[in-house]
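>>> One predicted model, sequence on top.
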Amino acid sequence: AQSVTQPDIHITVSEGASLELRCNYSYGATPYLFWYVQSPGQGLQLLLKYFSGDTLVQGIKGFEAEFKRSQSSFNLRKPSVHWSDAAEYFCAVVLDNDMRFGAGTRLTVKP
Amino acid sequence: KAGVTQTPRYLIKTRGQQVTLSCSPISGHRSVSWYQQTPGQGLQFLFEYFSETQRNKGNFPGRFSGRQFSNSRSEMNVSTLELGDSALYLCASSPAVAGELFFGEGSRLTVL
């Protein structure tokens, strides 16, 4: 069955440390890939997207993601986390006009 | 450009009542999608409308319905409310079908 998986429900990192959030998908073809962020009480905001081309994608707020076809992954990274990055992060995939979201990863940032 | 606007932001209803939520998309966006977000189930797709036509529907009972008007504004309705309908309902608009989504801040529904 087609699915998108975020293996980590909750991650805690120290401010200034690096971050990697995992996303794996199970589709026969390469879907369009997205990362969204949701701050408490807010809607979702697009961080970055991958449609085709360069597999390393730069987004807003210093985030980047790398598409790895062989691993069916689209992991989100940030070299140095800021306290304001504390939020919930959602990976999303679109294939054949069907968009699906992962369960989300909640990020806590320690001072 | 104004973002996606959802009204009301917060509302409290009792079981058995019905509720209508409204969504005004970004100007020029013709696709509107609705999602239900709960702590236990995460983000669940309700339906998508494009040019007043429902293109896609999630796995929700018939109590959940929606529509889109000619100006792309959308409404969703939930009839015979149940406690489990308590959730944040998110609307998102897109300039294209299944493209990048722009979300509103949501309507938080509490059913007592």
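Sure thing, it's come through. Numbering: from 1, shown residues only, chains lettered A, B, ... in the order given.
>>> How many neighbouring residues does B:G40 have?
6 (other C-beta atoms under 10 Å in any protein chain shown). (C-beta placed from N, C-alpha, C; glycine too.)
>>> Actually, B:P39.
When neighbours are counted by other C-beta under 10 Å, B:P39 comes out with 7.
>>> how about the nearest residue to B:T5, chain neighbours excluded?
B:S24 (4.4 Å; C-beta to C-beta, 6 or more residues apart in numbering or on different chains).
>>> make that B:Y49, sorry
B:Q68 is the one closest to B:Y49 (C-beta to C-beta, 6+ apart), at 3.7 Å.
>>> hang on, that neighbour packs against B:V32?
Yes - using C-beta atoms under 8 Å, B:Q68 is in contact with B:V32, at 5.8 Å.
>>> Quick check: neighbours shared by those two?
Residues touching both B:Q68 and B:V32 by C-beta atoms under 8 Å, 6 or more residues apart in numbering or on different chains: B:Y49, B:F50, B:S74.
>>> What residues does chain B have near chain A?
Residues of chain B lying near chain A by C-beta under 8 Å from any C-beta of the partner chain: B:4, B:33, B:35, B:42-43, B:45, B:55-56, B:90, B:92, B:97-106.
>>> where exactly do the strands run in chain B?
B:5-7, B:10-13, B:19-24, B:31-38, B:42-50, B:53-57, B:64-68, B:74-78, B:87-94, B:102-103, B:107-111 (DSSP state E).
>>> What residues of the second one count as buried?
Judged by neighbour count (16 or more other C-beta atoms under 10 Å in any protein chain shown), strand B:10-13 contains these buried residues: B:K13.
>>> Quickly run through the sheet partners of it, with directions.
Using DSSP bridges, the strands paired with strand B:10-13 are strand B:107-111 (parallel).
>>> Kindly export the partner strand (C-alpha atoms) in PDB.
Only the C-alpha atoms of strand B:107-111 are listed here, as PDB (Å, rounded to 0.1, in the frame of the first residue of the first chain):
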ATOM      1  CA  SER B 107     -11.000  26.100  12.800                       C
ATOM      2  CA  ARG B 108     -10.900  24.400  16.200                       C
ATOM      3  CA  LEU B 109     -14.100  22.600  16.900                       C
ATOM      4  CA  THR B 110     -15.000  21.300  20.300                       C
ATOM      5  CA  VAL B 111     -18.000  19.000  20.700                       C
END
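>>> burial of the closest residue in space to B:L11 that isn't next to it in sequence, as a residue count?
Take B:L11 and drop its neighbours on the chain: the residue closest to it by C-beta to C-beta, 6+ apart is B:L109, 5.7 Å away. By the measure other C-beta under 10 Å, the count of residues near B:L109 is 20.
>>> Provide a list of residues in contact with B:L109.
B:L11, B:I12, B:K13, B:V19, B:L21, B:V78, B:D85, B:S86, B:A87, B:L88, B:Y89.
>>> ok, now which ones touch B:V32?
B:C23, B:P25, B:E48, B:Y49, B:F50, B:Q68, B:S72, B:S74, B:C91, B:A92, B:S93, B:S94.
>>> rerun at 7 Å
Going by C-beta atoms under 7 Å, 6 or more residues apart in numbering or on different chains, B:V32 touches B:C23, B:P25, B:Y49, B:Q68, B:S72, B:S74, B:C91, B:S93.
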